[in-house]
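J.: Provided below for reference: sequence and predicted model.
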Amino acid sequence: MQHRFPALLLALAVLCAAGSASATGQTGIGPDTLAVVINDRDPLSRRSGDYYAKQRHIPVRNRIHIAFQPVDRMDPDVFRSLKAQVDAATPPDVQAYALAWTRPFRVGCMSVTTAFAAGFSADFCAATCKPTRASPYFDSASRQPYTDFGWRPAMLLAGRTFEDVKALIERGVAADHTHPAGTGYLVSTSDRNRNVRARFYPGILLLQGDRFRFRIIHSNLLEYRDDIFFYFTGIKRVEGLATDTFLPGAIADHLTSSGGQLTGSAQMSSLRWLEAGATGSYGTVTEPCNFVAKFPRPNIVVERYLDGETLLESYWKSVAWPGQGVFIGEPLARPFAP
C-alpha cells in the first residue's frame, strides 16, 4: 500500500485538474481567454464593460480600452486604426472578444463583430444577392479559434440602457451549469422568403429530441409561453413577445433583412429579443437576401449549446457566412456545462 499510495494521489490530482478545467470552461472560451473591449468615450460602454469584467472575473490584462465617437456605422479607415490598437493590446492567448457597446453595429458594409473577428474586408460584403467569404470556424471542433484560424469571434454586450445590459449579463451568469428544462420553439411562419430555415426543424426533433423538449409551431405568433429556451422564426416583426417568458441562457432570433440594425431599423431590431429576456440573438446589418448560410443554422446552434459550449461558440459556429451578421448577447453563458 505504501508504494501504491503516491500513484493513487497522482491519479486523483490528474482527475481533479481535468474536472476543474472542464468546470471553468478552460477547454473552450472562458474568462481567461476572452477580452472585453471598452469605448472610453461611451459612458454606457464603460459602465457595461466594467460590470461584465467583474461579474465574469475577466483578468485586468484582458480589459482593453479604446476611444471613438459612437455611431451606428463606422468608417472602415477609422475601424482599421482602432483594430490595430486592439490587436496590439490583446494578450496572445485571447481567443474571443466581448465588445461592450451597442453602437457601432456596422463597419462599412459588414458587421462589427465579424470585422473584429477577422478584420475588415470587402470579401465579407454583398452589394447584391451573392455569397460572401466563409468562416473557417463554421461547425468546427475548434475550441481555440484564434490559435486554429487566426479569428477572434466577437459578440456585442448590447442594450439601450445600463439596466438592460446588466440584466443581460446577470441572465448569462445565472444560466451556467443549470441544465434547464425548458422548451425549444421552432416556429414555421407563412412568410415563404423568411421561413427558409424551417427545413432544419424535423432534423432537430429527430436528433435532439431525446436530449431536450422541442416543438414545431406552424404560426406567425407565439404567445403566453413561460418556458422558452430556444426560439427560431422567420418574419419581419415578431409579435407576442411581451406575453412570453425566456429562461436564463435562452437563444432567440428571426430571419429577416435588417434585424442587426440595432437602432433605427424599419424591421424588428434583434435588441427586442434581449429586451424580452433572451440571452443571445443575431441579425444582419445589410441586405443578406435569404441565404441560409448568412443566418444561424438552428440545428448547429442547438447541438453545440446542448453539448456544453458557450453561447458565443455555439452561435458563431452556426453561421457559415457571418460577414453581414452581428452577434449580440452574453458570450460566456454556458447552461449545459458539465
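T.: Right, received. Where do you want to start? Here the structure is a predicted model, which is why all the values come from computation and not from measurement. Residues are numbered from 1 along each chain as shown.
J.: Quick one: residues contacting the residue lying closest to residue 40 once chain neighbours are set aside.
T.: Distance criterion C-beta to C-beta, 6 or more residues apart in numbering; nearest residue to residue 40, sequence neighbours excluded, is residue 67 at 4.5 Å. The way it works is simple: take the backbone N, C-alpha and C, and place the C-beta from them, glycine included. Taking C-beta atoms under 8 Å, 6 or more residues apart in numbering as the definition of contact, the neighbours of residue 67 are 39-41.
J.: Residue 172 falls within a helix, correct?
T.: Yes: under the criterion used here (DSSP: H, G, I helix; E, B strand; the rest coil), residue 172 sits inside a helix.
J.: List the residues that contact it.
T.: Contact analysis of residue 172 by C-beta under 8 Å, 6+ apart lists 248-249, 279, 311, 329-333.
J.: Of all pairs in those residues, which one is the farthest apart?
T.: With C-beta to C-beta as the measure, no two of the contacts of residue 172 lie farther apart than 248 and 331, at 14.6 Å.
J.: Which one's more surrounded, these two?
T.: For residue 248 against residue 331, the residue with the higher neighbour count under other C-beta atoms under 10 Å is residue 331, and the figures read 30 against 21.
J.: surely that one meets residue 31?
T.: No: the pair formed by residue 331 and residue 31 falls short of the contact definition of C-beta atoms under 8 Å, at 10.2 Å.
J.: would you list every one of the helices in this protein?
T.: 4-23, 43-55, 76-89, 112-118, 145-149, 162-175, 201-208, 271-276, 298-306, 311-316 (DSSP state H).
J.: For the first one, give the mean pLDDT please.
T.: The one in question is helix 4-23. Across helix 4-23, the average pLDDT comes to 36.
J.: just to revisit the earlier point, export the helices of the chain to TSV and tack on distance to residue 230?
T.: As requested, the helices of the chain are exported to TSV (distance: least, C-beta to C-beta, whole Å):
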stretch	distance to residue 230
helix 4-23	24
helix 43-55	24
helix 76-89	32
helix 112-118	21
helix 145-149	23
helix 162-175	13
helix 201-208	9
helix 271-276	12
helix 298-306	6
helix 311-316	11
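J.: Select, out of those helices, the one closest to residue 215.
T.: helix 201-208 (8.7 Å).
J.: Give me the buried stretch members for that closest one, please.
T.: Within helix 201-208, the residues that qualify as buried by neighbour count (16 or more other C-beta atoms under 10 Å) are 201, 204, 208.
J.: Please apply the same query to stretch 123-137.
T.: 124-126, 132-133, 135, 137.
J.: among the contacts of residue 172, which ones are buried?
T.: 248-249, 279, 311, 329-333.
J.: just curious, which of the residues you listed is nearest to residue 258?
T.: Nearest to residue 258 out of the buried ones among the contacts of residue 172 is residue 329 (C-beta to C-beta; 18.4 Å).
J.: Show the pLDDT at the residue nearest to the closest one when sequence neighbours are not counted.
T.: The spatially closest residue to residue 329, leaving aside those adjacent along the chain, is residue 280, at 3.1 Å (C-beta to C-beta, 6+ apart). The predicted structure scores residue 280 at 98 on the pLDDT scale.
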